[in-house]
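sequence and predicted structure, then a few things I'm wondering about:
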Amino acid sequence: QVQLVESGGGLVQAGGSLRLSCAASGRTFSTYNIGWFRQAPGKEREFVAAISSSGGRTTYADSVKGRFTISRDNAKNTVYLRMNSLQPEDTAVYYCAAVRVYPVVLSTGYPYWGQGTQVTVSS
């Protein structure tokens, strides 16, 4: 089992950047693939990006390709989501999640979730 805690959200102007962190507890973190999802008010939770357990493979939603970068540091039990060129439509609660298989783009496929961190982009 793994516990996840997101941080790094906040308020930023359009065109700005943020880096989210997903810190995990547990000695088996490096065996989990990690996904980032987001959920805006009144909308379903949507896939943003995923990274394999070793960090060698990444997958992105079309809406964030070229703007967001997912990475991980297994020595620090942490996954990052660097978000550049943020737009108001990126406003959402961002969640990280863990799963044993890769890639998984459906939120229902992830058994372990963090509590989320709010990202608000003003125009």
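Yes, it's here. Numbering: from 1, shown residues only.

use CA for all of it now, contacts and neighbours both
Noted.

next one: the residue nearest the centre of the chain from residue 123, what distance?
Centrality entry for the chain: nearest residue to the mean C-alpha point is residue 36, 2.5 Å, by Cα atoms, centre = their mean. Relative to residue 123, residue 36 is positioned 24 Å away (Cα to Cα, to the nearest Å).

and the residue nearest to the centre of the chain, what are its bridge partners?
residue 49, residue 96 (DSSP bridges).

hang on, isn't it packed against residue 94?
Yes. The pair residue 36 and residue 94 passes the contact test of Cα atoms under 8 Å, sitting 6.9 Å apart.

residues contacting the residue nearest to the centre of the chain?
47-50, 81, 94-97 (Cα atoms under 8 Å, 6 or more residues apart in numbering).

tell me the most packed of those residues, by neighbour count.
residue 96 (31 neighbours; other Cα atoms under 10 Å).

pull the number of nearby residues for residue 111.
There are 12 residues near residue 111, going by other Cα under 10 Å.

could you do residue 64 as well?
So residue 64, with other Cα under 10 Å, has 16 neighbours.

do the same with the one 3 residues further on
Around residue 67 there are 13 other residues, counting by other Cα under 10 Å.

I'd say it and residue 83 touch.
Yes. In this structure, residue 67 is within contact of residue 83 by Cα under 8 Å, at 6.1 Å.

any weak-confidence spans in this protein?
Judged by pLDDT under 70, the chain has no weakly predicted residues.

all helices for it, in order.
According to DSSP state H, the chain carries no segments that qualify as helices.

so who does residue 73 touch?
By Cα under 8 Å, 6+ apart, the contact list for residue 73 reads residue 79.
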